[in-house]
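> mind folding the following:
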Amino acid sequence: MSTVAGATMGTAVVLDAVGVTLDGRPVLDRVTLELREGEVLAIVGPNGAGKSTLLAVLSGERVPDSGTALLDGAPLSAFSPLELARRRAVLTQDNALSFPFRVREVLEMGRSPWARTPQLDDDDRALASAAARADVVHLLDRRFTELSGGERARVSLARVLAQETAIVLLDEPTAALDLGHQEDVLRIARELAASGRAVGVVLHDLSLAGAVADRVALVAGGRLEAIGTPREVLTAAAVSRVYGVEVEVIERDGTLLVVPLRRVP
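I've put the predicted structure just below:
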């Protein structure tokens, strides 16, 4: 167990020997890991490694074909969709909506799990806080369908923040964002963990993973190649082997930078 801001923290989700098969092809193969309260776990790996499927298992949206996935000691599959929505919030890669909702309405969707509960009284505060943190206050009256890709990504993040759950799972939250808003996402993830939440985030940028994560899970071919601190996992040897590209890992002010070695003829 770890301690954050004076509180004793434990494990939120435990995966034990989890396997997932899609169309007869193994996507995850005996993956064992913990998502811990008060920490950011970055999930990294090449395209097709199984990162998004792993996040879906952690969220309870995908039931593993083998192994166990437990939330607070109970199978994730035992929780109803409403119970899960009150325990964890999920940002997927797909930020599309079929109807031209206003941004304000999209954020309100994040509060829907708390309808008919005492937490409903917190709606105004939660919505205002989420909009400010994701920098979408100026977009509240715009139609979601009229926004740029980066603006949609920030609105979707704000919806997740408005949900105010103990577990936050983010799939490629920085993919469509400019440099400044990428840094905002890193700051938000760190703040969530510092408040005691369990944060799992899928990232392609290894330098971002090294900057934001307490622990990194390196996945390749559906297998967990390594898990540990960024310094333990993001080594030049491991990254070069898994990605098939020679890299150099540079440490600056305690942060790791993963740089491909490009040899221009």
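
> how about the strands in this protein?
Applying DSSP state E to the chain gives strands spanning 2-4, 7-9, 11-22, 25-36, 40-44, 66-71, 74-75, 88-91, 167-171, 198-202, 215-220, 223-228, 247-252, 255-260.

> neighbouring strands of the shortest one in the sheet, and parallel or not?
Paired strands of strand 74-75, with direction, are strand 66-71 (antiparallel) (DSSP bridges).

> please save the CA atoms from the partner strand in CSV.
The C-alpha trace of strand 66-71 is given here as CSV (Å, rounded to 0.1, in the frame of the first residue of the first chain):
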residue,chain,number,x,y,z
SER,A,66,-9.4,-16.4,-19.1
GLY,A,67,-7.9,-15.2,-15.8
THR,A,68,-9.6,-12.8,-13.4
ALA,A,69,-10.3,-9.1,-13.3
LEU,A,70,-11.2,-7.9,-9.8
LEU,A,71,-12.4,-4.5,-8.5
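
> can I get the strands of the chain in TSV including mean neighbour count and mean pLDDT?
Using the backbone N, CA and C atoms, a C-beta is placed for each residue, glycine as well. As requested, the strands of the chain are exported to TSV (neighbours: other Cβ atoms under 10 Å; pLDDT from 0 to 100):
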stretch	mean neighbour count	mean pLDDT
strand 2-4	13	34
strand 7-9	13	42
strand 11-22	19	94
strand 25-36	19	95
strand 40-44	27	97
strand 66-71	17	96
strand 74-75	11	94
strand 88-91	24	96
strand 167-171	24	97
strand 198-202	27	97
strand 215-220	24	97
strand 223-228	16	96
strand 247-252	14	92
strand 255-260	16	91
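
> can I get those in a markdown table including distance to Glu108?
Listed next are the strands of the chain as a markdown table, based on distance: least, Cβ to Cβ, whole Å:
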| stretch | distance to Glu108 |
| --- | --- |
| strand 2-4 | 30 |
| strand 7-9 | 30 |
| strand 11-22 | 26 |
| strand 25-36 | 27 |
| strand 40-44 | 27 |
| strand 66-71 | 26 |
| strand 74-75 | 30 |
| strand 88-91 | 14 |
| strand 167-171 | 18 |
| strand 198-202 | 23 |
| strand 215-220 | 33 |
| strand 223-228 | 37 |
| strand 247-252 | 42 |
| strand 255-260 | 37 |
